[in-house]
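K.L.:
Sequence first, then the predicted structure, then my questions.
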Amino acid sequence: MEFRLLYEGRLPSNGNPSEKHTIRKVFHPQLLKLWEADLMLKDIKERGVEILDHDQRRVGYHPSYCTDLAAKHTNGAFRFLPLITKDLDLVCTLEILILRRENPGDLVKTGGDIDNRIKTLFDALRVPHGLDEIPTGVLPLQGEDPFYCLLEDDSLIVDFKVSTDRLLAPPPPGEPDTNVHVLLSVRVKPTLMTTGNIGFS
């Protein structure tokens, strides 16, 4: 399975919970649309899915997979529904194109260290790990229950590539020059082929 996500806005270094949630809210409606438009995902949501129990070495059918998954990832008032999960033996690779009005370079530090802006992006793509990762007092809005995320955990990103280029379009009135446009190409793949995840291959 391959698809693309778009983000336009601030991508701060060491983003705080509010900044990460703002980015997360941009991805939510896109992932919701994917679940509604993709026939396989729509079927999983409506009818459930078969999951391999590695300990028992047998496949079990889970008719309420999405409901149970959202309950498993309840955090405060939010119920998060990730697409890429360990239960389905799924991982992903990412190709990230960041367009910005700054000079090229300095996004990825020398020596292979990831710039803190990429860490902010990864944190916004995954389910928050605790209440301290959700802004205080923020509640789900209409259409945000469940709240769709890309990843159960960012450890399920097995490879990624980051490219940067200059954003030539001038900012609209009121938009800071430092805002970025991000094109995120996602490729989902099973680590172990099962009847439940064969459609992701």
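P.N.:
Thanks, I have the structure now. Numbering: from 1, shown residues only.
K.L.:
Starting from the lowest-mean-pLDDT helix or strand in the chain, tell me which strands it pairs with and how they run.
P.N.:
Across the helices and strands of the chain, the lowest-confidence element by mean pLDDT, DSSP states H and E is strand 58-62, at a mean of 81. On the basis of DSSP bridges, the sheet neighbours of strand 58-62 come out as strand 49-53 (antiparallel).
K.L.:
before we move on, the earlier item: list the buried residues for the least confident helix or strand of the chain?
P.N.:
For strand 58-62, burial by neighbour count (16 or more other CB atoms under 10 Å) applies to His62. Heads up, the C-betas are built off the backbone N, CA and C, glycines and all.
K.L.:
Show me what the next helix-or-strand element following it is packed up against.
P.N.:
On the C-terminal side of strand 58-62, the nearest following helix or strand under DSSP states H and E is helix 65-72. In terms of contact count using 3 or more CB pairs under 8 Å, 6 or more residues apart in numbering; DSSP states H and E, helix 65-72 is assigned the packing partners helix 39-47, strand 78-84.
K.L.:
re earlier: now the angle between helix 65-72 and the least confident helix or strand of the chain, please.
P.N.:
Angle between the axes of strand 58-62 and helix 65-72 is 90 degrees (criterion: axes from the mean of the first three to the mean of the last three CA atoms, to 10 degrees).
K.L.:
what about strand 58-62, distance to the chain center?
P.N.:
Distance, stretch centre to chain centre, for strand 58-62: 26 Å (CA atoms, centre = their mean, to the nearest Å).
K.L.:
Contacts for it next, please.
P.N.:
The set of residues external to strand 58-62 that reach it, using CB atoms under 8 Å, 6 or more residues apart in numbering, is 48-53, 68, 194-196.
K.L.:
Can you say which of those are buried?
P.N.:
Buried members of the contacts of strand 58-62, counted by 16+ other CB under 10 Å: 48-52, 194, 196.
K.L.:
ok, so of those residues, who is nearest Leu131?
P.N.:
Sorting the buried ones among the contacts of strand 58-62 by distance to Leu131 puts Ile51 at the head of the list, at 27.9 Å, by CB to CB.
K.L.:
do you know how far the closest one is from Leu69?
P.N.:
Shown here: Ile51 relative to Leu69, a distance of 10 Å by CB to CB, to the nearest Å.
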